[in-house]
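next come a sequence and a model predicted from it.
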There are 2 protein chains.
Amino acid sequence: MATMLADAARACCAPLAEVAISEDEAEVLADRLKALADPARLRLVSLIMASPGHEACTCDLVGPLGLSQPTVTHHLRKLSDAGMVTGERRGRWTYYRVERAALEAIVGALRT
Amino acid sequence: MATMLADAARACCAPLAEVAISEDEAEVLADRLKALADPARLRLVSLIMASPGHEACTCDLVGPLGLSQPTVTHHLRKLSDAGMVTGERRGRWTYYRVERAALEAIVGALRT
DNA sequence: GTCAACCATTGACGTACATCGATATAGTGG
DNA sequence: CCACTATATCGATGTACGTCAATGGTTGAC
């Protein structure tokens, strides 16, 4: 599990602008971008980061997003699979945090 | 006023980390990220930027990408619609360039 | 004018995805 | 043990997307 998080946070690719990236690098970077390339998931990431303590449970996100709870859980799982957020169960609630290192890895690859 | 519109076209959104972005902002940013969130299109952007003069025609890209010419044209059109590249017809060839400002706008929104 | 090269469009096909309602699982408090 | 809440999973459905073969349009050379 810790290795998965480390992988997600690690910079995947050489900066696009410097040299043509490989097929494998493009595959990895595209998967991460796909996780972010959805309005609901962008708002989730933004809502979580703007929440007190930079974390939020699913119940805090369903209302502001205006989507059903299963759909919100679905999107949180997509983000989690891509390493963009991490969820931690505390009692009845699952609190999610944004993996800033993963965001920075994307920024690093796109930076010109 | 024109300045505001130009700015809006380049930097679409407030940084995700600072405040929860609106539905509209998420929509715009997601569209741009979707344009990049594909291995073929990431490689296209990278190949174009790494080409001499930072530009390339379709014929230069079909081979390295390993996809059919219609598929490459399709991806270039997606990137063009999203404002990530611009194509200019010169004789028989269409030369594409990467809009670095558009890339930077994405980086600015994701930057933490 | 004819021909070849380059690029774009169309149609078709299979796959992936966003969304929801219904349902299942897990934890809390009585 | 039971009711209640929070979260996750499942099944279904409509839509969007990536890809190619075939075709059409435009340009430059002969």
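Here it is on my side, so go on. In this text the structure is predicted, and so the values were computed from the model without any measurement.

low pLDDT regions in chain A?
Chain A contains residues with pLDDT under 70 at A:1-10.

who in it is up against chain B?
A:16-21, A:23, A:26-27, A:29-30, A:33-34, A:36-43, A:45-47, A:49-50, A:64, A:100, A:103-104, A:106-107, A:110-112 (C-beta under 8 Å from any C-beta of the partner chain). Heads up, the C-betas are built off the backbone N, CA and C, glycines and all.

and the contacts of the host helix or strand of residue A:26?
Secondary structure from DSSP states H and E places residue A:26 in helix A:23-36. When contacts are defined by C-beta atoms under 8 Å, 6 or more residues apart in numbering or on different chains, helix A:23-36 is touched by residues A:12-14, A:21, A:41-42, A:45, A:78-79, A:81-84, A:102, A:105-106, A:109, B:30, B:33, B:36-43, B:46, B:110.

which residues in chain A form helices?
Applying DSSP state H to chain A gives helices spanning A:2-9, A:23-36, A:39-50, A:58-65, A:69-81, A:100-110.

tell me the helices and strands packed up against the last one.
When you say that, I think you mean helix A:100-110. Under the contact criterion of 3 or more C-beta pairs under 8 Å, 6 or more residues apart in numbering or on different chains; DSSP states H and E, helix A:100-110 touches helix A:2-9, helix A:23-36, helix B:100-110.

show me what from chain A comes close to DNA strand C.
When proximity is defined by C-beta under 7 Å from any atom of the strand, chain A lies next to DNA strand C at A:34, A:38-40, A:67-68, A:70-71, A:74-75, A:78, A:89, A:91-92.

who wins for neighbours among the residues you listed?
Using other C-beta atoms under 10 Å in any protein chain shown as the neighbour test, the residues of chain A next to DNA strand C are led by residue A:75, with 23 neighbours.

that residue contacts residue A:41, correct?
Yes: judged on C-beta atoms under 8 Å, residue A:75 makes contact with residue A:41 at a distance of 5.0 Å.

so what's the residue at the greatest distance from the centre of chain A up against?
Relative to the centre of chain A, and counting by C-alpha atoms, centre = their mean, the farthest-placed residue is residue A:19 at 26.0 Å. For residue A:19, the residues meeting the contact criterion (C-beta under 8 Å, 6+ apart) are B:46, B:50.

now with 10 Å?
Contacts for residue A:19 (C-beta atoms under 10 Å, 6 or more residues apart in numbering or on different chains) come out as B:46, B:47, B:49, B:50.

try residue A:67
Counting by C-beta under 10 Å, 6+ apart, residue A:67 makes contact with A:40, A:43, A:44, A:61, A:73, A:74, A:75.

what separates residue A:79 from chain B, distance-wise?
Using C-beta to the nearest C-beta, to the nearest Å, residue A:79 is found at 12 Å from chain B.

you'd agree that residue is up against residue A:43?
No: with contact defined as C-beta atoms under 10 Å, residue A:79 does not count as touching residue A:43 (11.3 Å).
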